Each structure stands twice: as C-alpha cells, then as structure tokens.
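Visitor: pasting the structure only:
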C-alpha cells in the first residue's frame, strides 16, 4: 500500500534531503573551523604588529611591565576599563580617552578588528 501513497514518497525524499543537508553542514563546519582559528591568529599577529608600529612608544604591549609613558595604560589593562565595543568605538571615531600627547589615528575596520583581537589576546583576566 505504501508504494501507491504519494505522500510516503515525498516524506522519504524530504527526510533524505534533510539528512544530506545536515551532513553537508557538519562537513563544511568541520572543514572551515581550522581556517577560522588561523584567521584569528593572523588577526592577532597583525594587531600586534600594528600596535608595535604605532603604540609601543607609549604603551606596554606585553603581558607584563610598565608602559614607557606612565600616562599610557598597558594594553593588557584596557579591558579592565573599557569593553571591546568601547575600544572599537574609540578607534573608529578617533581616540578621545587617550593620554597626552595622544596622536589621532585613522584606522580601517580591519585594523580595528586586528587591534581589538590583539588587545583581547593579552588582556588581564580580572
């Protein structure tokens, strides 16, 4: 009887398509996950290099030590004072909470992402 019932065939096809979609999603997710991790590592490294170029004169960029400019907070302490979103806003709009003399920088959205990734990577766990 089932062979003549067309709804049985539609249900069977729908189940097969759903199963195939689930398998494809699992395979693609498993394939892309290492690339996400690599791009995060690349972004952190890019942020570190940008900070070294533009910020190291005043700010401590490592997990320890004081900043060369005592008015400039070490990068590892920034998340104790601001959220990542707050830091992104500051970098997007031009830093207004900076120390004196704080240069005004213009950052691309990728540079902002890289800098905040780097800051997150060295932030003190409070």
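Guide: Yep, that arrived. Given the structure is predicted, the values throughout are model-derived calculations rather than measurements.
Visitor: Show me what the one helix or strand residue 116 maps to is packed up against.
Guide: Using DSSP states H and E, residue 116 sits in helix 109-122. Applying 3 or more C-beta pairs under 8 Å, 6 or more residues apart in numbering; DSSP states H and E, we find helix 109-122 packed against helix 6-54, helix 78-81, helix 84-93. Glycine gets a C-beta too; all of them are placed from N, C-alpha and C.
Visitor: and that helix, what's its mean pLDDT?
Guide: The average pLDDT for helix 109-122 rounds to 92.
Visitor: Stretch 80-91 now?
Guide: Stretch 80-91 carries an average pLDDT of 88.
Visitor: Name the residues of that stretch that are buried.
Guide: 82, 87, 88, 90, 91 (16 or more other C-beta atoms under 10 Å).
Visitor: Output these in a markdown table; the columns should cover distance to residue 117.
Guide: Converted to a markdown table, these look like this (distance: C-beta to C-beta, whole Å):
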| residue | distance to residue 117 |
| --- | --- |
| 82 | 15 |
| 87 | 11 |
| 88 | 11 |
| 90 | 15 |
| 91 | 12 |
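Visitor: In terms of distance to residue 113, which of those ranks first?
Guide: Within the buried residues of stretch 80-91, the smallest distance to residue 113 is 8.1 Å, found for residue 88 (C-beta to C-beta).
Visitor: hang on, that closest one packs against residue 109?
Guide: No: with contact defined as C-beta atoms under 8 Å, residue 88 does not reach residue 109; the gap is 9.1 Å.
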